[in-house]
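# Whatever this is, show me its structure:
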Amino acid sequence: MNKLLLLTTIVIGFTTACSNSSNTNNANKATNKTLANDTTKTINNQHRIAQKITPSIWVETKDAKAVVDYYLSIFKDGKLKDYRQYKNPPEAGGGNFETAIIEINGMEFNILAAGPFFKFNESVSFVINCKDQAEVDYYWAALTANGGQESSCGWCKDKYGLSWQVVPVEYFDLINSNNPKVREKAMKNTLKQKKLILAELK
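Below you'll find the model as predicted:
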């Protein structure tokens with residue numbers, strides 16, 4: 001990905017967004033036409049929706065528990081709130097899929113494990129606001145390990161291809177400083193980095 005585009009997105013965006021994508025026929029088969037045969041209620045039969053808007057992550061596997069285990073191994077304060085198994089009716093093409101709800105830092109995420117119909121891209125990413133360089137180092141290493149991928153300007157992908165921006169909160173002070181020399185140095189050196197390193201940005 002173009003480094004300048006990444007830097008522009010960091011400066012302008014830095015807000016977590018989720019968007020409603022248009023459904024294809026395959027998506028309809030796996031979602032709109034399937035609310036049949038709930039086979040497991042292992043966590044909470046009466047889960048209450050806590051958020052007005054909840055990010056939903058469609059992964060290319062059909063093993064929601066593996067996805068949950070992966071993210072909860074990285075975000076230590078997270079927890080599993082709900083897990084379900086479903087079976088598509090014949091008129092929807094058959095096949096099974098799984099869902100889960102996890103909570104990370106008080107924020108819920110829906111996990112849809114319905115197979116390889118869609119791929120992630122950088123148009124949607126999640127920002128991790130890190131308190132210091134040590135926290136940046138931790139999340140960067142955890143997300144890029146085991147099939148993850150480093151990008152530029154603080155961006156990386158996890159093993160499922162989901163994009164993350166791992167950013168020390170002090171970085172915002174640098175790029176928004178009243179001192180133009182501080183801003184210029186931070187911006188210039190950001191373009192040279194993959195993982196953001198505060199000592200080199202100051």
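# How far off centre is stretch 57-72?
Distance of stretch 57-72 from its chain centroid, counting by CA atoms, centre = their mean, to the nearest Å, is 12 Å.
# right, I mislabeled it, should have said stretch 180-188
Relative to the centre of its chain, stretch 180-188 is centred 29 Å away, using CA atoms, centre = their mean.
# Same question for that stretch: list its buried residues.
Val182, Lys185, Ala186, Met187 (16 or more other CB atoms under 10 Å). Every residue, glycine included, has its C-beta placed from N, CA and C.
# Would you format these as CSV with secondary structure included?
Listed next are those as CSV, based on DSSP: H, G, I helix; E, B strand; the rest coil:
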residue, secondary structure
Val182, helix
Lys185, helix
Ala186, helix
Met187, helix
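# now, among those, which is nearest to Glu135?
Ranked by distance to Glu135 (CB to CB), these are led by Ala186 at 18.6 Å.
# What about the closest residue to the closest one other than its chain neighbours, how many residues nearby?
Sequence neighbours aside, Leu174 is the residue nearest to Ala186 in space, at 3.8 Å (criterion: CB to CB, 6 or more residues apart in numbering). A total of 19 residues lie near Leu174 under the criterion other CB atoms under 10 Å.
# isn't there a strand covering Leu174?
No: Leu174 is assigned helix when assessed by three-state DSSP, not a strand.
# show me the contacts for it.
Contacts for Leu174 (CB atoms under 8 Å, 6 or more residues apart in numbering) come out as Val182, Arg183, Lys185, Ala186, Leu201, Lys202.
# Among those residues, which pair sits farthest apart?
It's Arg183 and Lys202 that sit farthest apart of these, by CB to CB, at 11.7 Å.
# okay, the contacts of Leu174 in CSV with distance to Glu150 and pLDDT next?
CSV is the format used below for these (distance: CB to CB, whole Å; pLDDT from 0 to 100):
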residue, distance to Glu150, pLDDT
Val182, 26, 97
Arg183, 25, 97
Lys185, 23, 97
Ala186, 20, 97
Leu201, 17, 97
Lys202, 22, 95
